[in-house]
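**Q** Sharing a sequence plus its predicted fold:
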Amino acid sequence: MPEPLMRYLIWPLVKFLVAFLIVQVIVAAMNYIERRLLGLMQARLGPNRVGNEVFEKITPRSLHRFIPGGLLQIIADPIKFILKEDIVPSSSEKVAYFLGPMLPLIPAFLVFCLIPYGPPPTFVVTHVNVGLLLILALTSTGVYGIILGGWASNNKYSLMGGLRSAAQMVSYEVPFGLSIVGVLMLCGSFDLVRIINYQADHIWNLFPQLIAAFIFLVAMNAENNRTPFDLPEAESELVAGYHTEYSAMKFAFFMLAEYSSMIVNCCLMVSLFFGGWTLAINGYGLTTGVLRGWGLAGGILGAVIFISKVMLFMLMYIWFRATFPRFRFDQLMDLGWKWMIPLALANIAVTAVVVLLGLQFNFQGEVVLSIAGAAIIAFTLFLLLRPRAKVIHARRVSEA
Amino acid sequence: MHVEYQKPRWSDKFLLLDMLEGLKTTLRELFKPKVTIRYPEERMEPANRFRGMFKFSFDRCIACKLCALACPIDIIYIDVHDEQREIDGKMKKLKVLDRYDIDVKRCMFCALCEEACPTKPKSIWLTTKTYELASYDRKDLYFNMQQLEYWEGRPEYAGLPADEPEPKQIEGGMP
């Protein structure tokens, strides 16, 4: 086989397929993990039956109490989706109705070529030096499928859901993009690999860009229509929003796209603010150089670190869902336009001034920013974890 | 009524302390033991005065038929015959119970039969702890007096008898 073909076609394809398969397994497992964890946080058990008999037969008795119940739910759910009747509403716009669930899948899957899972060159599918821009461009097209599906269903609730989703995703795209600018100013590159290496050589961007990380977290929740921003599928108002009329595999496609883009956003979060596959501060620890020195084992270790960080953020999505109630729509827009965007702009201004001053007066700007960020985190943790007397929230002053 | 709330401090507002407090609460809830009972494997013991399935005592019953009279839906079937029997050297007329059936599938567990029973202690009572009364067959829910007296656990599905013909379908749709 000619060398360029191997290098530019076959190897990237193989890497993409491996990464894609791993991600899809995570997506399937997330369904079970989410239901189980939500249940546990809501004082119930969640799915705990499917497959217990199978596991009790094939494993020794001493292991039984370590196996969580209901593991085969991961397989049972997709089978159910495949076997269910595929209902198409007779008054729907047929072409758009079929395109609806497919359109968000394409960008959600395509993005997995651009994410670096481990130290390059082995664990990076395509090394694009404007990778971050490409990922942002691709993920923001996911909204078209939702609007199309909502409109084509010929159902007022679906249409409302689609419209809400459009408004919400467009408004939160702005702080989502603006929050990244600070990171770009510090790292000086759109290349995710270089951003991760920068963090390994200095410090996780979480500390110098704490506000940006917070805005990114909120905006990525809103981008994926997750609680507390799940207004497009608010079941108490809109039945199920844009996917009310979808059943069987079409519904599964919407879910697949949603969870895939959740994983993409978590990957971005980890790469931009939490050091990607590295575990290092100021060049000490598991940097890219160290991992590459260990060959394939080091690469796999890096990928494992990356995926476990991503999983932590996926669990965070579930944690948020179990905790926060849904916003009203005007509150959602207020938060997006009146708070997130000014905050992101202020963060950009402060970062720019500090970096420029650092260049002018010969000190490291990110160190100053890191100290400020670490101080905020420490202060918050202190306020949160300090022992204190029970707060009396309301005091009756007088009888009116 | 006028209620004044404690003013949140600026630090509480800007650091989103109440949201973090909420996250802390759900995280604590995650590790708490749950009270759910996994039903077929684990069963709850009902309280002592729980009213469940019937129980009947042949020895205590004096065949007075008061329970059948009290039953609002007439599902207690009693047959009695008189007998001359020698007790303590005298001939006495006795009522002997031939049949004491309860059609439990129609019963609403009002316990009026138990209230009407004149014997002490009652010869029909409902304070058993059995609550698993579901059955696969309507026939399993028609109890005669032996079944009512010596019954243990829930009725098992015995299957349809082989020699019995299939029940006739009523022709012509709705009756």
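**A** That came in fine, so what should we check first?

**Q** can you give me the strands in chain A?
**A** Using DSSP state E, the strands of chain A run over A:279-281, A:284-286, A:394-398.

**Q** can I get the CA coordinates of the longest strand belonging to chain B in CSV?
**A** As assigned by DSSP E, the longest strand anywhere in chain B is strand B:90-103. What follows is strand B:90-103 as a C-alpha-only set of coordinates in CSV (Å, rounded to 0.1, in the frame of the first residue of the first chain):
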residue,chain,number,x,y,z
LYS,B,90,-79.1,-37.2,76.3
MET,B,91,-80.3,-37.1,72.7
LYS,B,92,-79.8,-33.6,71.3
LYS,B,93,-80.7,-31.9,68.1
LEU,B,94,-77.7,-30.5,66.5
LYS,B,95,-77.1,-28.4,63.4
VAL,B,96,-74.2,-29.8,61.3
LEU,B,97,-72.4,-27.7,58.7
ASP,B,98,-72.3,-29.4,55.3
ARG,B,99,-71.1,-26.6,53.2
TYR,B,100,-69.4,-23.2,54.0
ASP,B,101,-68.2,-21.6,50.8
ILE,B,102,-67.0,-18.1,50.1
ASP,B,103,-66.7,-16.7,46.6
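
**Q** For that strand, buried residues please.
**A** B:L97, B:Y100, B:D101, B:I102, B:D103 (16 or more other Cβ atoms under 10 Å in any protein chain shown). Every residue, glycine included, has its C-beta placed from N, CA and C.

**Q** And the strands in chain B, which stretches?
**A** B:2-5, B:55-56, B:76-87, B:90-103, B:124-125, B:142-143.

**Q** Could you export the buried residues of strand B:90-103 as TSV, including distance to A:A43?
**A** As requested, the buried residues of strand B:90-103 are exported to TSV (distance: Cβ to Cβ, whole Å):
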residue	distance to A:A43
B:L97	52
B:Y100	47
B:D101	46
B:I102	41
B:D103	42
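
**Q** now, among those residues, which is nearest to B:R43?
**A** Among those, B:I102 lies closest to B:R43 (Cβ to Cβ), at 24.9 Å.

**Q** ok, that closest one touching B:E149?
**A** No - with contact defined as Cβ atoms under 8 Å, B:I102 does not reach B:E149; the gap is 11.5 Å.

**Q** what touches both of these two?
**A** B:F56 (Cβ atoms under 8 Å, 6 or more residues apart in numbering or on different chains).

**Q** If I follow the layout properly, B:A116 ends up in contact with B:C64?
**A** No - counting by Cβ under 8 Å, B:C64 is not a contact partner of B:A116; they are 9.1 Å apart.

**Q** Run through who's touching stretch A:369-377.
**A** The contact list for stretch A:369-377, computed with Cβ under 8 Å, 6+ apart, reads A:I203, A:L206, A:F207, A:P208, A:Q209, A:L210, A:V350, A:T351, A:V354, B:L15.

**Q** Could you do stretch A:147-161 as well?
**A** A:89, A:91-97, A:99-101, A:103, A:146, A:162-163, A:165-166, A:232-234, A:238-246, A:254.

**Q** Point out where the chain drops to low pLDDT.
**A** Reading this off chain A. A:1, A:387-400 (pLDDT under 70).

**Q** Chain B was what I was after
**A** Checking chain B against pLDDT under 70 turns up B:1-6, B:8, B:151-175.

**Q** one more time with 50, if that's ok
**A** Along chain B, segments meeting pLDDT under 50 span B:155-157, B:159, B:173-175.

**Q** ranges for the helices of it?
**A** Ranges of helices in chain B, per DSSP state H, are B:10-14, B:17-30, B:66-70, B:112-116, B:145-149.

**Q** mind checking which of those helices is nearest chain A?
**A** Closest approach to chain A among the helices of chain B is made by helix B:17-30 (4.6 Å; Cβ to the nearest Cβ).

**Q** Show me which residues of that closest one are buried.
**A** Quick answer for helix B:17-30 (16+ other Cβ under 10 Å): B:L17, B:L20, B:G22, B:L23, B:T26, B:L30.

**Q** which residue packs closest to the fourth one, ignoring adjacent ones?
**A** What sits nearest to B:L23 in space, not counting adjacent residues and going by Cβ to Cβ, 6 or more residues apart in numbering or on different chains, is A:T323, at 5.3 Å.

**Q** B:F54 and B:I102 touch, don't they?
**A** Yes - the criterion here is Cβ under 8 Å, and B:F54 meets it with B:I102 at 6.1 Å.

**Q** Filter the contacts of stretch A:147-161 down to just the ones in helices.
**A** Per DSSP H, these map to helices at A:94-97, A:99-101, A:146, A:162-163, A:165-166, A:238, A:254.
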